[in-house]
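Asker: Fold the stuff below for me.
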Amino acid sequence: MELRKLGTTDIDVTSVCLGTMTWGQQNSEAQAHEQLDYAIEERGINFIDTAEMYPVPGKRETQGRTESYIGTWIEKRGKRDDIILASKVVGRSGMVWTRDDTVETTRHTQAQIDYAVEHSLKRLKTDYIDLYQLHWPDRGLSPFGMHDYKDYNAADMVPLEDILGALQRHVEKGNIRHIGISNETAWGTMKFLELAKTHDLPRIQSNQCVYSLIARRFDYDRAEIAMREKVGLLAYSPLAMGVLTGKYDDGTTPKGSRMALFDGFMDNYRKVDETWKDANRTAHELGLTPVQFALKFVESRAFVTSNIIGATSLDQLRENIDAHDVEWTDEMEAEASRLHEVYRCPLGR
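Answerer: Okay, here's the model as predicted:
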């Protein structure tokens, strides 16, 4: 398992990260523990990513379960220092149940960050989080699936230096080792870096964003930032919610899949089926499975720190990890470029 540096820190993380957003909705606690055992003990993965709002889709009834499942695993196995654990605080949203309905809107205020960190630590049964990320901006942006820019009221945002200041208190206390961002823009990334340097505040070390064969907007601006400023990409949804596995190619919806379970959750993917069907067909023509083509593409990018994979079964997890053993070739690169030139990021950010 390849190790890559997390930003400017002294932490080495595996190029494959275990994603957890299905745990508590599609996966039971026992299945979550089974995946952790397999990924860490048998395959050498050391990087685990979660969030206070997980599982997905975010709901009042399930919020926090994923972190709790990880917490009981840590308590049973006693191997906290063997893993690099990442979690996230929600951005501006109506998911007020994450704050016990004590607010009208979730924001990145000091009080709400304090609340989120303390409750995540309790659920995770740990006294520190290695990488704490802002799940999406506090600003009035559309953080997911944005195809065009619409300006927002800049006065109605928690100042970025205040957000860094709130996080700094937890770094100083030892609750957080390092900080990161997620679903953040190029402007937001550079502004956080500028403010950290100017005011001696914690430096962001990563940006977790959607990235796949059919969602490559990160290439346009943030990839250069990742390379030059050492704010590497933690790539999520590298299989595009499963459409890059080939399981939907015949037009049917497999029982138990996200498309079957969550009505409307994957409508954006249904609308661009010609894109992922082309990608999957291309994989076969290259002598690969769709999973191999999709996952190795992401890991092969120089600006990627780690590729976040998720699975609902051990067989899927095994296949996803094994896919990274493929050697990336010039022919594969040419076909990945062709897909991008033809379809141009149909899934937005």
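Asker: burial count for D315?
Answerer: Here the count is done by other Cβ atoms under 10 Å, and D315 has 9 residues near it. For the C-beta atoms, the positions are set from N, CA and C on the backbone; glycine is no exception.
Asker: what comes up buried for the helix or strand containing it?
Answerer: Take DSSP states H and E as the rule and D315 turns out to sit in helix 314-322. Neighbour-count burial for helix 314-322, with 16 or more other Cβ atoms under 10 Å as criterion, is recorded at Q316, L317, E319, N320, I321.
Asker: okay, the first one: pLDDT?
Answerer: Per-residue confidence at Q316 stands at 97 (pLDDT).
Asker: I'd like the distance between it and D37.
Answerer: In this view, Q316 and D37 are 16 Å apart by Cβ to Cβ, to the nearest Å.
Asker: sorry, back to before: quick check: next helix or strand after the helix holding D315?
Answerer: Moving toward the C-terminus from helix 314-322, the first helix or strand encountered (DSSP H and E) is helix 330-343.
Asker: any idea of the mean pLDDT for that next one?
Answerer: Averaged across helix 330-343, pLDDT comes to 97.
Asker: Could I get the full set of strands for the stretch 1-150 of the chain?
Answerer: Taking DSSP state E, counting those that start in this stretch as the criterion, the stretch 1-150 of the chain contains strands spanning 3-5, 12-14, 16-19, 47-49, 84-89, 129-134.
Asker: okay, the ones you listed in CSV with mean neighbour count and distance to L167 next?
Answerer: Compiled in CSV, these are given as follows (neighbours: other Cβ atoms under 10 Å; distance: least, Cβ to Cβ, whole Å):
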stretch, mean neighbour count, distance to L167
strand 3-5, 14, 21
strand 12-14, 22, 20
strand 16-19, 26, 21
strand 47-49, 27, 18
strand 84-89, 25, 9
strand 129-134, 24, 7
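Asker: just checking, G165 is part of a helix?
Answerer: Yes - assessed by DSSP: H, G, I helix; E, B strand; the rest coil, G165 belongs to a helix.
Asker: quick one on the thing from earlier: want to try JSON lines for the strands of the stretch 1-150 of the chain, with mean pLDDT and distance to T185 as columns?
Answerer: Supplementary listing: those in JSON lines, determined by pLDDT from 0 to 100; distance: least, Cβ to Cβ, whole Å:
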{"stretch": "strand 3-5", "mean pLDDT": "98", "distance to T185": "23"}
{"stretch": "strand 12-14", "mean pLDDT": "98", "distance to T185": "24"}
{"stretch": "strand 16-19", "mean pLDDT": "98", "distance to T185": "22"}
{"stretch": "strand 47-49", "mean pLDDT": "98", "distance to T185": "21"}
{"stretch": "strand 84-89", "mean pLDDT": "98", "distance to T185": "17"}
{"stretch": "strand 129-134", "mean pLDDT": "98", "distance to T185": "12"}
